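J.: coords please:
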Amino acid sequence: MPKRTLLTCSFIMLALLVGLACGGGGTETTSDKSGSPSAGSSATPVDDPTSNTSAGRIAFVASSPEALTLYTVREDGSDLQEVAELYPTRRPGKGSVWLAWSPDGETLAAAPLQRGRGTVSLIRSDGSVSEVGKGGEEVGGLEWAPDGSRIVYTALRDGALGIYVAEVGGEEVLLANLVGDSVAGRVDWSPDGSRIAYRSDDAPSGGGIYSVPSAGGSPALLVPHGGKLERVGEPAWSPDGTQLAFIAGGFNGGTYVANADGSNARRLTTKLGFTGPKWSPDGKTLVWCELAGVAFDIFSIRADGSDLRRLDDNVGFDCLPVWSPDGSRIAYASESLAKDCVSSLGKHTGSNLSVFNADGSAIKCLVGDLGILLNGGIVALAWSPAR
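T.: Numbering: from 1, shown residues only. Presented below is the predicted three-dimensional model:
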C-alpha cells in the first residue's frame with residue numbers, strides 16, 4: 001500500500017463509554033507465559049507469535065504532539081508502511097480514529113474527525129481513497145457488513161445522533177436515532193448481516209442495548225439499563241450469532257454474556273473493563289483490558305465464565321487488544337517500557353505495537369518508538385482478515 005496523504009484531518013481523543021465499576025474483583029489466573037496451549041482458545045501457541053505471516057497486516061494509528069499517522073505492518077514486524085499523514089493535532093495526544101478492515105482484507109475503513117466534521121474514508125490496497133456517506137460533526141462506531149457491501153457508523157449532525165448504514169459507493173440510510181452524548185460506543189453487525197446492536201439512552205425506558213434490522217425497521221430493546229445493570233454498552237455478537245457480550249457499570253459492573261435476544265445475562269467478571277470485550281474467532285474466549293492496580297493490563301476469560309486470566313502484568317498501559325484471524329495471537333498497544341523493544345522506527349521510547357500468543361506467552365515487539373500515551377502513542381488497532 002503506497003503512502004497516501006489525507007488532507008485536513010484532525011481527531012479528538014476517543015471517548016470510551018466505560019469507567020471503573022464498584023465491587024470486588026473476580027478470581028483470576030495469571031498466565032505462566034510458558035507457551036503451553038491456552039485453555040481459552042483452540043489455537044496452539046507457538047514459540048514466536050509472528051512466525052506465520054499468512055494473515056495479512058496490522059493497521060494502527062500513532063498519535064504524537066504534532067500529528068496522527070496511519071501505518072500498516074506485517075504481523076512479523078516487517079514491511080512497515082506509512083499509509084496516511086493526518087492533519088496535525090492541536091493538543092498533545094488528543095487524537096483518535098476508528099479502524100476496520102473489509103472482510104476481504106483489501107480495504108481499510110477509517111472514521112476520522114476533521115475540524116468539526118467527521119468522515120468515513122476508504123483506503124484501498126492500491127492507495128486510492130474515497131469517502132462513504134455524508135459524515136457529520138462527529139463520526140464513530142465503524143463496522144463493515146459481513147459481506148463487505150455496506151458500512152455502519154454513528155454520526156452527530158446538527159445536534160442529532162444517529163446510526164447510519166451506507167453502501168460502498170452508494171447512498172446512506174438512517175437506521176435509528178440515538179440518545180446520548182458521544183458517538184464513541186461500539187456498533188456491531190450480527191454475523192449473518194441481518195441486525196445491528198448498539199447502545200442508546202432512550203427515554204422513557206431508560207435505554208440500554210438495542211438491535212435494529214440492518215435493512216431498516218423498528219429497534220428492539222435487548223438489555224435495558226436499570227435494575228441490577230447500569231450503563232450497559234459495548235455490545236459484541238459472538239461469531240456464531242447465538243450470544244451477545246457487553247459491559248455494565250455500577251455495583252454489578254463487569255463483563256456479561258447473554259443470549260442473542262438479551263435473555264439469560266450471565267456475569268463473567270466483577271470489574272468493568274477499559275475496553276469492551278472482543279470475541280475470539282472460535283467464539284470460546286473474550287479479551288479486553290482493564291485497570292489492575294496502577295497499570296492497564298489485558299485479560300481473557302472463557303465465554304462460560306471459567307479460566308479468567310491476566311495475560312500480562314507489566315507496569316504501564318497495555319490495552320486495545322485485537323485477535324489474529326486464526327485466534328492464536330493478540331496484538332495490542334503497550335507502554336510497558338520493554339527494554340528489548342527496538343524496531344523499524346528506532347529506539348523504543350515507551351509506546352509500542354506488540355503481539356503475544358493467546359495465552360500471553362512469547363511477547364514480541366513489532367514497532368517501537370511511538371511516544372508516551374500522555375503525549376501520543378497508539379490510539380487504534382485493526383488486524384486484517386486472512387486472505
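
J.: Please enumerate the helices of the stretch 251-387 of the chain.
T.: With DSSP state H, counting those that start in this stretch as the definition, the stretch 251-387 of the chain shows no helices.

J.: where do the strands sit along it?
T.: For the stretch 251-387 of the chain, applying DSSP state E, counting those that start in this stretch gives strands covering 254-259, 266-267, 278-279, 285-292, 295-302, 309-310, 318-323, 329-334, 352-357, 364-367, 377-383.

J.: Counting neighbours, which bits of stretch 59-72 end up buried?
T.: Within stretch 59-72, the residues that qualify as buried are 59-64, 67-72, counting by 16 or more other C-beta atoms under 10 Å. Every C-beta, even on glycine, is put in place using the N, C-alpha and C of the backbone.

J.: what's the span of that stretch from first residue to last?
T.: From its first residue to its last, stretch 59-72 covers 4 Å (C-alpha to C-alpha, to the nearest Å).

J.: swap in stretch 254-272?
T.: 4 Å.

J.: Using CSV, write out the CA atom coordinates for stretch 282-290.
T.: Output of stretch 282-290 as CSV, limited to C-alpha atoms (Å, rounded to 0.1, in the frame of the first residue of the first chain):
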residue,chain,number,x,y,z
ASP,A,282,-13.8,-19.6,17.5
GLY,A,283,-16.3,-17.9,19.9
LYS,A,284,-14.8,-19.5,23.0
THR,A,285,-12.9,-16.6,24.6
LEU,A,286,-13.3,-12.9,25.3
VAL,A,287,-10.4,-10.5,25.7
TRP,A,288,-10.3,-6.9,27.0
CYS,A,289,-8.1,-4.6,29.0
GLU,A,290,-8.8,-3.2,32.5
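
J.: what's the closest non-adjacent residue to Ala109?
T.: Nearest non-adjacent residue to Ala109, counting by C-beta to C-beta, 6 or more residues apart in numbering: Ala100, 4.7 Å away.

J.: Quick check: that neighbour vs Ala362, distance?
T.: 27 Å (C-beta to C-beta, to the nearest Å).

J.: show me where pLDDT drops low in the stretch 151-300 of the chain?
T.: Scanning the stretch 151-300 of the chain for pLDDT under 70 picks out 180-184, 203-205, 227.

J.: before we move on, back to that, right, and the strands of the stretch 251-387 of the chain - which one's nearest Val132?
T.: strand 377-383 (16.4 Å; C-beta to C-beta).

J.: now that closest one against strand 329-334, angle please.
T.: Relative orientation of strand 377-383 versus strand 329-334 (axes from the mean of the first three to the mean of the last three C-alpha atoms, to 10 degrees): 170 degrees.

J.: Quick one: list the elements packing against strand 377-383.
T.: In this structure, strand 377-383 packs against strand 57-63, strand 98-101, strand 318-323, strand 329-334, with contacts taken as 3 or more C-beta pairs under 8 Å, 6 or more residues apart in numbering; DSSP states H and E.

J.: Tell me which strands the second one pairs with, and in which orientation.
T.: Strand 98-101 has the following sheet partners, assigned by DSSP bridges: strand 107-111 (antiparallel).

J.: List the buried residues for the partner strand?
T.: 107-111.

J.: Isn't Val129 up against Pro112?
T.: No. Between Val129 and Pro112 there is no contact under C-beta atoms under 8 Å: 11.4 Å.

J.: Between the two, which is the more surrounded one?
T.: When Val129 and Pro112 are compared for neighbours, Pro112 comes out ahead with 29 against 16, by other C-beta atoms under 10 Å.

J.: Ser354 versus that one, what's the distance?
T.: Taken as C-beta to C-beta, the span from Pro112 to Ser354 is 25 Å.

J.: who's in contact with the residue sitting nearest the centre point of the chain?
T.: The chain has Leu320 as the residue nearest its centroid, 6.3 Å off, counting by C-alpha atoms, centre = their mean. By C-beta atoms under 8 Å, 6 or more residues apart in numbering, the contact set of Leu320 is 275, 289, 332-333, 378, 380-381.

J.: again, only using 6 Å
T.: 332-333, 381 (C-beta atoms under 6 Å, 6 or more residues apart in numbering).

J.: Please identify the helix or strand for the nearest residue to Ala84 once chain neighbours are set aside.
T.: Leaving out its chain neighbours, the residue that sits closest to Ala84 by C-beta to C-beta, 6+ apart is Leu70, at 4.2 Å. In the assignment (DSSP states H and E), Leu70 maps to strand 68-74.

J.: Give the other helices and strands that that strand contacts.
T.: Helices and strands touching strand 68-74, by 3 or more C-beta pairs under 6 Å, 6 or more residues apart in numbering; DSSP states H and E, are strand 57-63, strand 81-85.

J.: give me that answer again for 10 Å
T.: For strand 68-74, the packing partners by 3 or more C-beta pairs under 10 Å, 6 or more residues apart in numbering; DSSP states H and E come out as strand 57-63, strand 81-85, strand 107-111, strand 118-124, strand 364-367, strand 377-383.

J.: Pipe the ones you listed into a markdown table and attach mean pLDDT and distance to Gly241 per row.
T.: A markdown table is the format used below for the helices and strands packed on strand 68-74 (pLDDT from 0 to 100; distance: least, C-beta to C-beta, whole Å):
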| stretch | mean pLDDT | distance to Gly241 |
| --- | --- | --- |
| strand 57-63 | 88 | 26 |
| strand 81-85 | 81 | 32 |
| strand 107-111 | 90 | 22 |
| strand 118-124 | 87 | 25 |
| strand 364-367 | 84 | 32 |
| strand 377-383 | 87 | 21 |
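
J.: Which one of those lies nearest to Ile209?
T.: Using C-beta to C-beta, the nearest of those to Ile209 is strand 107-111, at 20.9 Å.

J.: angle of the closest one against strand 68-74?
T.: Interaxial angle of strand 107-111 relative to strand 68-74 (the same axes, to 10 degrees): 150 degrees.

J.: Next, the angle from strand 107-111 to strand 118-124.
T.: Using the same axes, to 10 degrees, one finds that strand 107-111 and strand 118-124 are set 170 degrees apart in direction.
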